[in-house]
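Asker: just to be clear, the model below is a prediction. Sequence and coordinates:
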Amino acid sequence: MVKFLKPGRVVIMLGGRHAGKKAVVVQNSDGGNKERPYGHCVVAGIDRAPLKIHRKMSKKTMAFKSRVKPFVKVVNHTHLMPTRYNMELGTDFRKMISLGDQSKKNQSKKNVKKVFQERHNAGKTKWFFQKLRF
């Protein structure tokens, strides 16, 4: 079978709390491991997309509405729908994420938020930060 869930692949979450949200694969494990004996991925995605802003808004309101709320999660392959899109991730992006305990997970979410916020403010991959309409 061809391995298509490589790091950087944009996926859509199908099950659970984040169903219908866009995410990007950070790490992939096709065979599984002792803890999870099935194929799974570590994904980082957009829990809440930035809202529309207008020129008339104040800078404070613009900053408030253009915030990104991320999530970091380990997901079974069956709960992901891969898209044809890839997203350039830096080499250090993978090192930022560790899901050992809650404090490490919170720190990982802060790091991901920082990276996603920079990408959104720079205008890179605009389609990733737009809410899915279906």
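Answerer: That came through fine.
Asker: so where's the protein uncertain?
Answerer: Within the chain, the ranges that satisfy pLDDT under 70 run 1-2, 91.
Asker: swap the cut-off to 50 and go again
Answerer: Within the chain, no stretch has pLDDT under 50.
Asker: middle-most residue in it, spatially?
Answerer: The centroid of the chain falls nearest to Gly45 when counting by Cα atoms, centre = their mean (1.9 Å).
Asker: just the strands from this protein, written as ranges.
Answerer: For the chain, the strands defined by DSSP state E occupy 9-13, 22-29, 40-48, 69-76, 80-86.
Asker: related to what we said a few turns ago, show me what the residue nearest to the centre of the chain is bridged to.
Answerer: Beta bridges link Gly45 to Ala23, Phe71 when assigned by DSSP bridges.
Asker: you'd agree it is up against Lys21?
Answerer: Yes - Gly45 is within contact range of Lys21, at 5.3 Å (criterion: Cβ atoms under 8 Å). For glycine as for every other residue, the C-beta is placed from the backbone atoms N, C-alpha and C.
Asker: which neighbours do these two share?
Answerer: Residues touching both Gly45 and Lys21 by Cβ atoms under 8 Å, 6 or more residues apart in numbering: 13, 71.
Asker: hmm, back to that, wait, which of the strands of the chain is closest to Asn106?
Answerer: Judged by Cβ to Cβ, the one of the strands of the chain that comes nearest to Asn106 is strand 69-76, at 9.4 Å.
Asker: for that closest one, buried residues please.
Answerer: Going by neighbour count (16 or more other Cβ atoms under 10 Å), the buried part of strand 69-76 is 70-73, 75.
Asker: can you tell me what sits against it?
Answerer: With contact meaning Cβ under 8 Å, 6+ apart, strand 69-76 is reached by 13, 18, 21, 23, 26, 36, 38-48, 97, 99, 105, 108-109, 112-113, 116.
Asker: from Cys41, how far off is Val68?
Answerer: Look at Val68 and Cys41: by Cβ to Cβ, to the nearest Å, they are 20 Å apart.
Asker: neighbour count winner among these two?
Answerer: Neighbours of Val68 and Cys41, each counted by other Cβ atoms under 10 Å, are more numerous for Cys41; the result is 25 against 20.
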